[in-house]
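*Asks:* Fold the stuff below for me.
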Amino acid sequence: MDAATNDSTTKIPTTVVTGFLGAGKTTLIRNLLATANGKRIALIINEFGDLGIDGDVLKGCGDETCTEDDIVELTNGCICCTVADDFVPTITKLLQRSERPDHIVIETSGLALPQPLVRAFNWPEIRTKVTVDGVITVVDSRAVADGRFADDEDAVNSQRAADDALDHESPLEELFEDQLACADMIILNKTDLVDVDALEKVRSDVVARVPRAVKVVKAVEGSLGADVLLGLGVGAEAYMDARKSHHEIHHEGEDGDHEHDHDEFDSFVVSLGEVADVDKLKAHLGGVIADHDILRLKGFAAVKGKDMRLVVQAVGTRIDTYFDRDWRDGEARDSQFVVIGESGFSRNDIARDLAG
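*Replies:* Coordinates of the predicted model:
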């Protein structure tokens, strides 16, 4: 451990990793841990939903500098809505440990506004003990290239038949822009899924949405190391005027507190038991996701005849799978998924179709 971080009077640097649903935040953090070079990293993971999917994936990292004791999951809702109840007490407990971390990494929910979280570092209980080293926003280059968040009217019209949400001003688009506005570094991830011209268009679209100069880095499968991601030294909590959200701009000059639109999203967990075939599972999930306009589906599947657990990550109808580890002794071989969508979707109908 560095001598500087052994000093309890030194602020512990904290990196906030934000980004929209399925952008690749967890993969980026796993790569960060693998290249930490002995630096002790504490992780705070914020899940949207009832099943700790990302936390369980990261616990399998096997890195000596990030043990299971160094990982804290916040599952009581979006971290930006639970600052007082969850985040500040969690940071306080980390700071009270006999062996303080060298660096803290926070993975926010894909639905989180980063601004309230960064502002929380100014709270009296923690402001002299931790600082925001930098906010890293991960972007799914393929999703942006497909026009899911494009402002261009032609792109909106071309997507209208497949995505009704693009027929009006979407809160998802504002959320995407708020995550960009708060960034100190933007990672254009999954660049291998788009061609050169499309990637340049993505870069131009992203830069146009950011109100200040921000470093933009390209990546494939989040393949960036700790030397790139850590040590930005920004102290972002001191510069909130430069990274305001749509909500804050809209309510400038008004008194009182205002809630943002997180009540527009809902989630639930569904169990499916063992599945017989991975390709058939992906095709089945893709159909249900398309029929019900599900934003995000993620979880684990038990595949008959396979000793390893299958990780499933779906954004829209694009579904990625990989086997991550063996099933543990005494662990129920079950398939469980978190389903995330806009409020008002029918849980019963989705659960029925998934089980069908």
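*Asks:* any idea of the mean pLDDT in stretch 286-296?
*Replies:* Stretch 286-296 shows a mean pLDDT of 85.
*Asks:* for stretch 148-163, same thing?
*Replies:* According to the model, stretch 148-163 has a mean pLDDT of 39.
*Asks:* what about residue 313, neighbour count?
*Replies:* 21 (other C-beta atoms under 10 Å). For glycine as for every other residue, the C-beta is placed from the backbone atoms N, C-alpha and C.
*Asks:* Residue 232 too?
*Replies:* 18.
*Asks:* How about it: what's its closest non-neighbour residue?
*Replies:* Nearest residue to residue 232, sequence neighbours excluded (C-beta to C-beta, 6 or more residues apart in numbering): residue 134, at 3.3 Å.
*Asks:* what secondary structure does the one you found sit in?
*Replies:* What DSSP: H, G, I helix; E, B strand; the rest coil gives for residue 134 is strand.
*Asks:* What's the separation between it and residue 299?
*Replies:* Noted for residue 134: a distance of 30 Å to residue 299, by C-beta to C-beta, to the nearest Å.
*Asks:* Who are the contact partners of the residue nearest to residue 232?
*Replies:* 15, 16, 184, 185, 229, 232, 233, 234, 236 (C-beta atoms under 8 Å, 6 or more residues apart in numbering).
*Asks:* out of those residues, which are buried?
*Replies:* Burial by neighbour count, 16 or more other C-beta atoms under 10 Å: within the contacts of residue 134 this picks out 15, 16, 184, 185, 229, 232, 234, 236.
*Asks:* how about the residues you listed, which pair is most distant?
*Replies:* 229 and 236 (14.2 Å; C-beta to C-beta).
*Asks:* how about low-confidence regions in the stretch 201-350 of the chain?
*Replies:* Within the stretch 201-350 of the chain, the ranges that satisfy pLDDT under 70 run 245-266, 315-317, 342-343.
*Asks:* That one: strands as residue ranges?
*Replies:* Ranges of strands within the stretch 201-350 of the chain are 215-218, 265-271, 274-275, 296-303, 308-315, 318-326, 336-342, based on DSSP state E, counting those that start in this stretch.
*Asks:* Need those in a markdown table (columns: distance to residue 88).
*Replies:* A markdown table is the format used below for these (distance: least, C-beta to C-beta, whole Å):
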| stretch | distance to residue 88 |
| --- | --- |
| strand 215-218 | 29 |
| strand 265-271 | 23 |
| strand 274-275 | 41 |
| strand 296-303 | 27 |
| strand 308-315 | 30 |
| strand 318-326 | 32 |
| strand 336-342 | 26 |
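*Asks:* winner for burial among those strands?
*Replies:* For these, the largest average neighbour count (mean count of other C-beta atoms under 10 Å) is found in strand 296-303, namely a mean of 23.
*Asks:* what angle do that strand and strand 308-315 make?
*Replies:* For strand 296-303 against strand 308-315, the angle by axes from the mean of the first three to the mean of the last three C-alpha atoms, to 10 degrees is 160 degrees.
*Asks:* Give me the helices and strands touching strand 296-303, please.
*Replies:* helix 53-59, strand 274-275, helix 278-292, strand 308-315, strand 336-342 (3 or more C-beta pairs under 8 Å, 6 or more residues apart in numbering; DSSP states H and E).
*Asks:* And these: which comes nearest residue 224?
*Replies:* helix 53-59 (16.3 Å).
*Asks:* what pLDDT, on average, does the closest one get?
*Replies:* In this model, helix 53-59 has a mean pLDDT of 58.
*Asks:* roughly how far apart are the residue nearest the centre of the chain and residue 46?
*Replies:* Centroid check for the chain by C-alpha atoms, centre = their mean gives residue 110 as the closest residue, at 4.0 Å. For residue 110, the distance to residue 46 equals 9 Å [C-beta to C-beta].
*Asks:* domains of the chain?
*Replies:* According to automatic domain parsing, the chain comprises the domains 9-250, 265-355.
*Asks:* follow-up on the earlier one: nearest to residue 179, out of the strands of the stretch 201-350 of the chain?
*Replies:* Closest of those to residue 179 is strand 215-218, at 13.8 Å (criterion: C-beta to C-beta).
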